[in-house]
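# I'll drop the sequence and a predicted model, then ask my questions.
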Amino acid sequence: MEQYDITIGNKIQKEFVADFHSKNKIITCITHFSWEKQFQKVYTNSIFGLVQDQIKRMYYCHVVPASSEDASKEFSDLGIEHFRILERIILNDYYVKEFTYTVEWSPNGAYISCNCRKFEFKGILFVTS
């Protein structure tokens, strides 16, 4: 029982230290996007670090032009826009891995979805969203 109390005490102490650093240390923004500043204000430092990792991945993403058959699907009856995003991940000097994601988005912000499903599982807007 004593070991359990020590373990719980250590965990609580680590949480207090993390809260202190999160409230008293500000991670600087890496872009001039106003939405990054909003994330900086509302998220903890550790979550904001994850958001910044996704912002850095944006450099390697490109919107794939819609083909003629996709152009008719671009706007649905519900006002949802469809995009395809190509992400190129540079693994080393000789190998690049490519992923194509399908993103659905409503301009009013009421709906966003991506076939990677990371937003639904982790609650953070990922680079494809």
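Done, it's in. Numbers count the residues shown, from 1 in each chain.
# where does this structure dip in pLDDT?
The chain contains residues with pLDDT under 70 at 22, 65-78, 118-129.
# what ranges do the strands span in it?
61-64, 81-90, 96-105, 112-114 (DSSP state E).
# can I get the third one as PDB, trimmed to CA atoms?
In PDB, the C-alpha atoms belonging to strand 96-105 read as follows (Å, rounded to 0.1, in the frame of the first residue of the first chain):
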ATOM      1  CA  VAL A  96       9.500   9.500 -50.800                       C
ATOM      2  CA  LYS A  97       6.200   8.100 -49.600                       C
ATOM      3  CA  GLU A  98       3.000   9.500 -51.000                       C
ATOM      4  CA  PHE A  99      -0.500   9.400 -49.500                       C
ATOM      5  CA  THR A 100      -3.700  10.800 -51.000                       C
ATOM      6  CA  TYR A 101      -6.400  11.800 -48.600                       C
ATOM      7  CA  THR A 102     -10.100  12.700 -49.300                       C
ATOM      8  CA  VAL A 103     -11.300  15.600 -47.300                       C
ATOM      9  CA  GLU A 104     -14.900  16.800 -47.000                       C
ATOM     10  CA  TRP A 105     -15.600  20.200 -45.500                       C
END
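# so which elements touch it?
strand 81-90, strand 112-114 (3 or more C-beta pairs under 8 Å, 6 or more residues apart in numbering; DSSP states H and E). Where you see a C-beta, it was placed from the backbone N, CA and C, and this is true even at glycine.
# highest mean neighbour count out of the ones you listed?
Highest mean neighbour count of those: strand 112-114, a mean of 17 (counted as mean count of other C-beta atoms under 10 Å).
# sheet partners, orientation included, of that strand?
Paired strands of strand 112-114, with direction, are strand 96-105 (antiparallel) (DSSP bridges).
# quick one: residues in contact with the partner strand.
Identification of contacts with strand 96-105 by C-beta atoms under 8 Å, 6 or more residues apart in numbering yields 64, 80-91, 111-116, 128-129.
# how far does the longest helix anywhere in the chain sit from the chain's center?
Ranked by residue count, the top helix of the chain under DSSP state H comes out as helix 2-24. With C-alpha atoms, centre = their mean, to the nearest Å as the basis, helix 2-24 stands 27 Å off its chain's centre.
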